[in-house]
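**Student:** dropping the sequence and predicted coords here.
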Amino acid sequence: MKVDVLLGLQWGDEGKGKVVDVLTPRYDVVARFQGGPNAGHTLEFDGKKYVLRSIPSGVFQNEKMNLIGNGVVLDPVLFMEEAEALCQGGIDLKHSLKLSRKAHLILPTHRLLDAANEQAKGAAKIGTTGKGIGPTYTDKTSRNGIRLGDITENFSEKYTTARNRHLTRLAALGATPDSEQLAQLEERWMKAIEYLKEYEIVDGEYAVNDALAQGKSVLCEGAQGTMLDVDFGSYPFVTSSNTVCAGACTGLGIAPNKIGDVFGIFKAYCTRVGSGPFPTELFDETGKQIRDLGHEYGAVTGRERRCGWIDLVALRYAIMINGVTKLIMMKSDVLDGFPTIKACVAYKINGKETDRFPYSIDSDKIEPVYVELPGWQTPMSAMTSESQFPKEFNDYIAFLEKQLATPIAIVSVGPDRTQTIER
Ligand code: GDP
Ligand code: IMO
Ligand code: MG
């Protein structure tokens, strides 16, 4: 049995949650392999909308095992809020969800450090989600982290050591927290730690490999997107984990030769939240129109998403790094009304054209080379099959498949589960 991976090819918010939910009936296990509550994965069905942050998007389908892998960083308080809301909505999470004991915990002081680090960076700030992601992964790689498995062994000692180290760092940054405020945060956090004990805490690597040995199928759900990968993204304006396909191996304990299909998901245009380069960003009326039509506001922070045309240079790069076998195009309906649609096929840097993603992605120096295609100017959100696609839309798909040398297997024409068309 192979493991399939679904991940974002752009700067996040491609629509991963929606498609994982749609594909879940075909799998036995759905597993998150990296990131934390910086993610906001939106699902819509039966007239209801859900936003998941740490919990895999497979929890709405019965009899599936959902796993939070070792590569994830978990905030107990946010997990408790998210899980309790789902349980109240009738989801039997305590039965279906397993947590890897090697997942690292986000402490209250990690969040304070995230804010203080951003403050210290001034104009160079990353525009993080403020969820403590960077400091938690920093502690992981510097071998100072606290893992979920630690909550049952000398926990209070481990917690105090970590918290005191953080407080020293916060003081150096001039961001010592008010002691009463910290005490309140800690009280809630400790309560949430007790709540975590109500869940099955497992050796995630065995859970997933045992499932495979029993002939079960696994879908790995990525968070963020390839251009936010700590190694291959637009560094330093990235998140702190490996969002690429290889991250599914390290974030779950899956051997590379077990990977089957890699679903690469992208929007028919492009968005980005936070700071950092974005070569095809639009600062004009068209950018604003895409934001309004696509409701491009962050699911976690509510921030405006920056919008622009599709960037095929970045997409080709992302397809290469991830070994994408099938593409999924989202939010096609957002471009319904545009008379023409642009696609960036190359970058011009210092007057020289390149189809390679450069080391230094200074969008001021990158001039996107666009191809302009006719728009379909037909509402697509009620369409249910490929046979209904207008000619111009089929032409757009054919153009993208040729440019990206990868088939587009699924087209999404609206936020609802049902607005998904397989080709
Ligand atoms: P994720 O982080 O990759 O799961 O994506 P988000 O949930 O942050 O952002 C995607 C947004 O687009 C959500 O609000 C979805 O409900 C919405 N969405 C997903 N697919 C489509 C689509 O095909 N058309 C439209 N109009 N909205 C979509
Ligand atoms: P999903 O899974 C879009 C961005 C932040 C910031 C940078 C670093 O919903 O696609 P962090 O808090 O991770 O240290 O922030 O990464 N970012 C996302 N942008 N979607 C996300 O997740 C994101 N998670 C982080 O805006 O620029
Ligand atoms: Mg999102």
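**Tutor:** That came through, no problem. Ligands and ions are numbered 1, 2, ... in the order given.
**Student:** what does Gly287 show for phi and psi?
**Tutor:** Gly287 adopts backbone torsions of phi -60, psi -40, taken as degrees, to the nearest 10.
**Student:** got phi/psi on the residue nearest to it when sequence neighbours are not counted?
**Tutor:** Of all residues not flanking Gly287 in the chain, Cys307 sits nearest, at 4.7 Å (C-beta to C-beta, 6 or more residues apart in numbering). Where you see a C-beta, it was placed from the backbone N, CA and C, and this is true even at glycine. Backbone torsions of Cys307, given as degrees, to the nearest 10, read phi -120, psi 150.
**Student:** name whatever forms a beta bridge with Cys307.
**Tutor:** Beta bridges link Cys307 to Thr271 when assigned by DSSP bridges.
**Student:** so which residues on the stretch 201-350 of the chain come close to ligand 1?
**Tutor:** The stretch 201-350 of the chain comes close to ligand 1 at residues Gly294, Ala299, Met330, Lys331, Asp333, Val334, as judged by C-beta under 6 Å from any ligand atom.
**Student:** now with 5 Å?
**Tutor:** By C-beta under 5 Å from any ligand atom, the residues of the stretch 201-350 of the chain that approach ligand 1 are Ala299, Met330, Lys331, Asp333.
**Student:** relative to ligand 3, how far out is the second one?
**Tutor:** So that's Met330. 11 Å (C-beta to the ion, to the nearest Å).
**Student:** number of nearby residues for the closest residue in space to that residue that isn't next to it in sequence?
**Tutor:** Once flanking residues are discounted, Met330 sits nearest to Gly15: 3.8 Å by C-beta to C-beta, 6+ apart. Neighbourhood size, Gly15 [other C-beta atoms under 10 Å]: 22.
**Student:** who's in contact with Gly15?
**Tutor:** Thr42, Ile265, Lys267, Ile328, Met330, Lys331, Ser412 (C-beta atoms under 8 Å, 6 or more residues apart in numbering).
**Student:** burial count for whichever residue of the stretch 151-300 of the chain sits closest to ligand 2?
**Tutor:** The minimum distance from the stretch 151-300 of the chain to ligand 2, using C-beta to the nearest ligand atom, falls at Gly274 (2.2 Å). For Gly274, the count of nearby residues is 22 (other C-beta under 10 Å).
**Student:** got a list of what it touches?
**Tutor:** With C-beta under 8 Å, 6+ apart, Gly274 has these contacts: Ile126, Gly127, Thr128, Thr129, Phe237, Arg303.
**Student:** spell out, range by range, the helices that occur in the stretch 1-150 of the chain.
**Tutor:** Taking DSSP state H, counting those that start in this stretch as the criterion, the stretch 1-150 of the chain contains helices spanning 16-23, 76-88, 93-96, 108-121, 133-141.
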